[in-house]
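**Q** here is my input, please return the structure:
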Amino acid sequence: MGIALRGFARSQQRLQRMEERMHRNARRLLLREAHALRRDIIAGIRSQAPGGDRFKQLSPVTIAAKGSSKALIDRGDLIRSINVSEFEGGKIIFVGVNRNEQNQDGTMLEDIAVVHEFGTGPGAEVPIPARPYLRPSMREWRKVGPQRFAQALAKSMGVQ
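**A** This next block holds a predicted model:
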C-alpha cells in the first residue's frame, strides 16, 4: 500500500516563482525607500533643519568668509555627493556619501561629511560643532519607512 503525491513539482515551481517575484519587488521597493530617504536628507540640509532639528548657526566669522549663513552648503558638493548605492546584488542599499567622492579641491567628501555630522570635538585646531544631517533624517524615516515598505511589498504580492 502506498500514497502517490502528485503536483508537488508544480507547487514547488510556483513557490520558486513567488520567491523570485518577492525578491525582485523587495529590491525595487527598498530602492524607492532609499531614494525617499536621500531626498529627505537633501531637503533637511536645504531647509537647515533635517528631521526637524535646526542646525546650530554658523559663526559670524564663517558667514563673512563664505558669504552665506547656510550651514553645510557652499558650492553644493556635499549635497551632490549624497547617493544611493547597491552592494551585493541589491542585498545592501547604502544611502550617504561614498568613500571615493571628492570636492573640486580634491578633499574627500566623506571626511567633510563626518566632520559636519559629528563635529571636530574638543582640542581641534578649528572647532566645528556637530550639525547632524544624516541621523535626524534617518530617525524620521524609521517612523514611517519600514511600515510603508512592508505595506507596499504586501500589496505587490497581492496580500492586503
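
**Q** distance of the residue nearest to the spatial centre of the chain relative to Asp74?
**A** Central residue of the chain (Cα atoms, centre = their mean): Val95, 3.0 Å from the mean position. Distance, Val95 to Asp74, using Cβ to Cβ, to the nearest Å: 22 Å. Using the backbone N, CA and C atoms, a C-beta is placed for each residue, glycine as well.

**Q** the helix or strand containing the residue nearest to the centre of the chain pairs with which strands?
**A** Using DSSP states H and E, Val95 falls within strand 92-97. Note on strand 92-97: by DSSP bridges, its sheet partners are strand 82-87 (antiparallel).

**Q** what does the partner strand contact?
**A** Contacts to strand 82-87, defined as Cβ atoms under 8 Å, 6 or more residues apart in numbering, come from residues 31, 34-35, 38, 41-42, 92-98, 101.

**Q** could I get it in PDB with only the CA atoms?
**A** Extracted in PDB, the C-alpha atoms of strand 82-87 (Å, rounded to 0.1, in the frame of the first residue of the first chain):
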ATOM      1  CA  ILE A  82      24.700  62.000  -1.200                       C
ATOM      2  CA  ASN A  83      23.900  58.900  -3.200                       C
ATOM      3  CA  VAL A  84      22.100  55.700  -3.100                       C
ATOM      4  CA  SER A  85      24.300  52.700  -3.900                       C
ATOM      5  CA  GLU A  86      23.600  49.000  -4.100                       C
ATOM      6  CA  PHE A  87      26.000  46.300  -2.900                       C
END
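
**Q** in that strand, what counts as buried?
**A** Using 16 or more other Cβ atoms under 10 Å as the test for burial, strand 82-87 gives Ile82, Val84.
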